[in-house]
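Colleague: Sharing a sequence plus its predicted fold:
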Amino acid sequence: MILILRILFVVVCTIVGYFSEFQWFFPFPLPHAPWIGAGIGLSFSALVVLLDAFFKRYTVRNILSILLGIGLGLAVHRLVMSVANDFALSEDILKQVGVVSAVMFSYLGAVTILRGQDEFNLLIPFVKLESKGPGEELILLDTSVIIDGRIADIAETHFLSGRLVLPRFVLKELQLIADSADPLKRNRGRRGLDILNRIKGNPHVEVKIQEMDFPELSTVDAKLVKMALAVNAKVFTNDFNLNKVAELQGVKVLNINELANALKPVVIPGEAMQVKVLKEGKEHDQGVAYLDDGTMVVVDNGRRRIGQTISVMITSVLQTQAGRMIFAKPADEDSGRR
């Protein structure tokens, strides 16, 4: 469609140039003036199309920021010229000062707004995300939580009440991982893309791709934190380092690992359970078992029970940053003592 519009624009400009002949450009009649006018119209339209193609690499937000910056710069220029008119300057000097002032303040205005466009949320409406509804939250998705996959299951439970936002730079990182030469990374990236498609297919969840970027920052984590600060959003991740950095800067974090730990069954010392000892522990004569949710159970004197399903008695529970660890001993030891 855009290509058709460009062709029509070039044709119309060429026809207008042919019939108008652009005689006002020349103080004397020209031979073949219609064709010269058509050439001028064609050249002008080609220049406009080239400018259009050049600015295609920039987002609408960037272009509008530049235009707003130029507008503010010209407003400052008018103030400067109103002050300059009070001085006894010649007309030629005033013209020179006016040209320099207009160019300088237009440049400074455009650069200032372009650099700080993400901090001008209240002043520049188009740099914000789409307006939020009453009580609605924005949740930024991190690459790690997408690849993890559990977010799709959580979304299907209707526990996510906010709007999920996928930054374009996160999607690019996911695509780079999916195109990696390393088979393991490639599989993880493709899994992440499959998870995204699954989430977008969920009618109860809204996922928006956001174009906001921060070219001055090199890492995705830093961009996520700055974007969350700019639009007052939460970050959904299972990356421990990102979690800590975000919290230090006042960003709210939804950590899927912390959610998983909170949903694990509550166990207390003295409670009995059935476990299958799978391997040796780190300490002498220890065995290790796992619950269905992945919680590690360290069984004292369980080394000789490897491969067996036994009844154990919980002795203590340890909560760590990595999750919950349960310490137990075979229940038949207590019965034997009695």
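Modeller: Looks like it came in fine.

Colleague: for the stretch 101-250 of the chain, which spans come out with low pLDDT?
Modeller: Within the stretch 101-250 of the chain, the stretches falling below the threshold (pLDDT under 70) are 115-136.

Colleague: Need the three-state assignment for Ile139.
Modeller: Using DSSP: H, G, I helix; E, B strand; the rest coil, the three-state assignment for Ile139 comes out as strand.

Colleague: For it, which residues are in contact?
Modeller: Under the criterion of C-beta atoms under 8 Å, 6 or more residues apart in numbering, the contact list for Ile139 reads 160, 162-165, 233-236, 254. (Each C-beta comes from the backbone N, C-alpha and C, glycine too.)

Colleague: most centrally placed residue in this protein?
Modeller: For the chain, the residue lying nearest the average C-alpha position, counting by C-alpha atoms, centre = their mean, turns out to be Pro167 (2.5 Å).

Colleague: give me the beta-bridge partners of it?
Modeller: Going by DSSP bridges, Pro167 is paired in beta bridges with Gln210.

Colleague: how near is it to Ala230?
Modeller: The gap separating Pro167 from Ala230 is 11 Å, by C-beta to C-beta, to the nearest Å.

Colleague: if we take the contacts of Ile139, which one ends up nearest to Asp285?
Modeller: Taking C-beta to C-beta as the measure, Asp285 sits nearest to Leu254 out of the contacts of Ile139, at 41.0 Å.

Colleague: Can you read off the pLDDT for that closest one?
Modeller: Reported pLDDT at Leu254 in the predicted model: 88.

Colleague: Surely it is in contact with Ala233?
Modeller: No - counting by C-beta atoms under 8 Å, Leu254 sits too far from Ala233 to count as a contact (10.5 Å).

Colleague: how about the residue nearest to the centre of the chain, what does it touch?
Modeller: Applying C-beta under 8 Å, 6+ apart, we find Pro167 in contact with 140-141, 209-210, 212-213, 223-224, 227.

Colleague: Could you dump the residues you listed into TSV with distance to Gly302 added?
Modeller: Conversion of the contacts of Pro167 to TSV gives the following (distance: C-beta to C-beta, whole Å):
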residue	distance to Gly302
Leu140	44
Leu141	41
Ile209	50
Gln210	51
Met212	53
Asp213	53
Lys223	47
Leu224	43
Met227	48
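
Colleague: Pick the one among the residues you listed closest to Arg150.
Modeller: Relative to Arg150, and with distances defined as C-beta to C-beta, the nearest of the contacts of Pro167 is Leu141, at 12.5 Å.

Colleague: what's the neighbour count on the closest one?
Modeller: Other residues near Leu141 number 25, with proximity taken as other C-beta atoms under 10 Å.

Colleague: right, and it touches Phe169 too?
Modeller: No - with contact taken as C-beta under 8 Å, Leu141 and Phe169 are classed as non-touching, separated by 11.4 Å.

Colleague: End to end on stretch 83-93, go ahead and measure it.
Modeller: Chord length of stretch 83-93, first to last residue, is 14 Å (C-alpha to C-alpha, to the nearest Å).

Colleague: Tell me how far that stretch lies from the chain's centre.
Modeller: Here stretch 83-93 is found 51 Å from its chain centre; the criterion is C-alpha atoms, centre = their mean, to the nearest Å.

Colleague: So for that stretch, mean pLDDT?
Modeller: Stretch 83-93 comes out at a mean pLDDT of 80.

Colleague: Other residues contacting that stretch?
Modeller: Counting by C-beta under 8 Å, 6+ apart, residues outside stretch 83-93 touching it are 94, 97-98, 101.

Colleague: List buried residues within the residues you listed.
Modeller: Applying 16 or more other C-beta atoms under 10 Å to these, the neighbour count classes 97-98, 101 as buried.

Colleague: Sort out for me which of those are in strands.
Modeller: The strands in this structure, assigned by DSSP state E, contain none of the buried ones among the contacts of stretch 83-93.

Colleague: which of the residues in the strand or helix carrying Ile63 are buried?
Modeller: If you go by DSSP states H and E, Ile63 is part of helix 60-84. Neighbour-count burial for helix 60-84, with 16+ other C-beta under 10 Å as criterion, is recorded at 61-62, 64-66, 68-70, 72-73, 76-77, 80.

Colleague: Now render those residues as JSON lines, adding distance to Leu114 and pLDDT.
Modeller: What follows is these, written out as JSON lines (distance: C-beta to C-beta, whole Å; pLDDT from 0 to 100):
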{"residue": "Arg61", "distance to Leu114": "10", "pLDDT": "66"}
{"residue": "Asn62", "distance to Leu114": "7", "pLDDT": "71"}
{"residue": "Leu64", "distance to Leu114": "10", "pLDDT": "76"}
{"residue": "Ser65", "distance to Leu114": "5", "pLDDT": "76"}
{"residue": "Ile66", "distance to Leu114": "6", "pLDDT": "79"}
{"residue": "Leu68", "distance to Leu114": "9", "pLDDT": "84"}
{"residue": "Gly69", "distance to Leu114": "6", "pLDDT": "83"}
{"residue": "Ile70", "distance to Leu114": "10", "pLDDT": "87"}
{"residue": "Leu72", "distance to Leu114": "12", "pLDDT": "88"}
{"residue": "Gly73", "distance to Leu114": "12", "pLDDT": "87"}
{"residue": "Val76", "distance to Leu114": "16", "pLDDT": "90"}
{"residue": "His77", "distance to Leu114": "18", "pLDDT": "87"}
{"residue": "Val80", "distance to Leu114": "22", "pLDDT": "87"}
